[in-house]
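Enquirer: Got a predicted structure here, sequence first:
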Amino acid sequence: MLSNTMHYTQLISGLFLLPSILSTSACVTPNPTPSAFTDFNDNILFFPAATAVQWKTLYARSLQLPDESLLMTWENYPAEPPLVTHPIYKSVDGGATWSNFSAITDKVNGWGMRFQPFLYTLPQAFGGYAAGTILAAGVSTPFSLTGGVYIDLYVSQDNAQTWNFVSHIAFGNGPEDITSGHAAIWEPFLMMYNGQLVCYFSDQRDSAHSQKLVHVTTNDLHTWSALVNDVAYSAYNDRPGMTTVAHIESTNQYIMTYEYCGSGKCAVYYKTAANPLNFNSATGIALVGNNTNHSVPYGSPYVIWTANPGKSDGSGVIIASGGSQEPVFINSDNADPQGWKVVDVGQWSAYSRSLRIITVKGKKKLMFGNGGNMGDPSCNSVANGVIEVPY
């Protein structure tokens, strides 16, 4: 059996994390604990154990409950056994302080919940569950990264206190690494559309592609459709990855962001479409800032949309993040390729830094979720930030 370090080195060595896309601000001195219900940046909420493996934490994801309390989860890498889980931490003071609340544990495979958790609230009754039910998708695979991999779906009917397995969304034979030809799957993203739940993910199982982006749908949370391509480049070694999708409500369009590794050198790209099940017919566009330096974000993007806080005309702003840049990139509803404004937000970058619009005492704010960034494993803690919505 390989050592811990060798297992994770095998994984990271194929994630195309070139020096050019690693953060330059991996380590920061933790700020004093912010006051409740205020704005702040770089608030470390979880320090990994000294015995944690390799990069310690990654891939933070958040959710807000109806009472304005907040949840955060991430990839966690303690020494095993016991099996790794996706922890759930909770804040009841606007993200200033957090406590260990629950965990999503592997209840069916005996492997652990290892990679890329994602939290989603059902906006409507669906699949026998009430509106407001919380779903969690994540990657389950053995510590050895061999023997198979599932993207699994879990459900909580008590605001994330307890979790139950619902279904296997997708399966690959593995190994769960990025070696071309290995049947790995990664990075689930959930969204309701037209009465279906959609799960977008990265897929290495097609022998014609080192990796492509796909989605599957379900009408009942138990049975999932055949996959549909979203991004599949003709060059075998091209590897689009890390789908996130936002609904541009003002125009009823959808925007997808992804990293384009291979020919694209992991630059952030995006597509827009009227139907989020039909991104494959849209053309990918490089996301480039319209500042003097024409800043290019590389790696692990995230995108959201929100109503423009500076206007009352129903328009909105698209907010995108990339792993290599601390600033965010902001555009108007038309996602004009020349319209990406670069805005400094004071929050250090991270591998797949997440974005979420929350309310703090009824006022909209932008919250960041940071795990580690793979740049310096000595200080890869989980942090958040809460700021005014930029526009």
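Expert: In hand now; what should we look at? Residues are numbered from 1 along each chain as shown.

Enquirer: Number of residues surrounding T33?
Expert: By other CB atoms under 10 Å, 12 other residues sit near T33. Every C-beta, even on glycine, is put in place using the N, C-alpha and C of the backbone.

Enquirer: Surely it touches W98?
Expert: No. Using CB atoms under 8 Å, T33 is not in contact with W98, being 10.2 Å away.

Enquirer: roughly how far apart are S381 and P82?
Expert: Distance of S381 to P82, given as CB to CB, to the nearest Å: 22 Å.

Enquirer: In terms of packing, which of the two has more residues around it?
Expert: More crowded of S381 and P82, by other CB under 10 Å: S381, with 19 against 9.

Enquirer: contacting residues around the more buried one?
Expert: Residues in contact with S381, defined by CB atoms under 8 Å, 6 or more residues apart in numbering, are P30, I44, L45, F46, F47, P48, K56, T57, G372.

Enquirer: Without its sequence neighbours, what residue ends up closest to T243?
Expert: Y200 (4.1 Å; CB to CB, 6 or more residues apart in numbering).

Enquirer: Look at that neighbour and report its pLDDT.
Expert: Per-residue confidence (pLDDT) for Y200: 99.

Enquirer: what do you get for the one 4 residues further on?
Expert: Here the pLDDT value assigned to Q204 is 98.

Enquirer: measure it to D238 for me?
Expert: 12 Å.

Enquirer: what does T85 give?
Expert: Look at T85 and D238: by CB to CB, they are 34 Å apart.

Enquirer: just V245 next, same as before
Expert: 20 Å.

Enquirer: okay, those two: which has more neighbours?
Expert: Taking other CB under 10 Å, V245 and D238 do not tie; V245 has more neighbours (24 against 18).

Enquirer: Excluding sequence neighbours, find me the nearest residue to the more buried one.
Expert: Ranked by CB to CB, 6+ apart and with sequence neighbours excluded, the top spatial neighbour of V245 is M256, at 5.0 Å.

Enquirer: Quick check: which element contains the one you found?
Expert: Assessed by DSSP states H and E, M256 sits inside strand 253-261.

Enquirer: can you list contacts of the helix or strand that that strand is followed by?
Expert: Later in the chain than strand 253-261, the nearest helix or strand by DSSP H and E is strand 267-273. For strand 267-273, the external contacting residues (CB under 8 Å, 6+ apart) are 230-231, 240, 248, 253-260, 279, 281-287, 296-299, 301, 303, 320, 322, 335.

Enquirer: So which of the residues you listed sit within strands?
Expert: 230-231, 240, 248, 253-260, 285-286, 303, 320 (DSSP state E).

Enquirer: For the buried ones among these, write the corresponding ChimeraX selection.
Expert: Buried residues within the ones in strands among the contacts of strand 267-273, by 16 or more other CB atoms under 10 Å, are selected in ChimeraX with:
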select :230,231,240,248,253,254,255,256,257,258,259,260,303,320
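
Enquirer: What is the nearest of the ones in strands among the contacts of strand 267-273 to Q161?
Expert: Q161 lies nearest to V303 out of the ones in strands among the contacts of strand 267-273, by CB to CB, at 30.1 Å.

Enquirer: I'd assumed T257 was in contact with the closest one.
Expert: Yes. With contact defined as CB under 8 Å, V303 reaches T257; the gap is 4.2 Å.

Enquirer: ok, back up a step: between Q204 and D238, which contacts overlap?
Expert: Listed as contacting both Q204 and D238 by CB under 8 Å, 6+ apart are S210, Q211.
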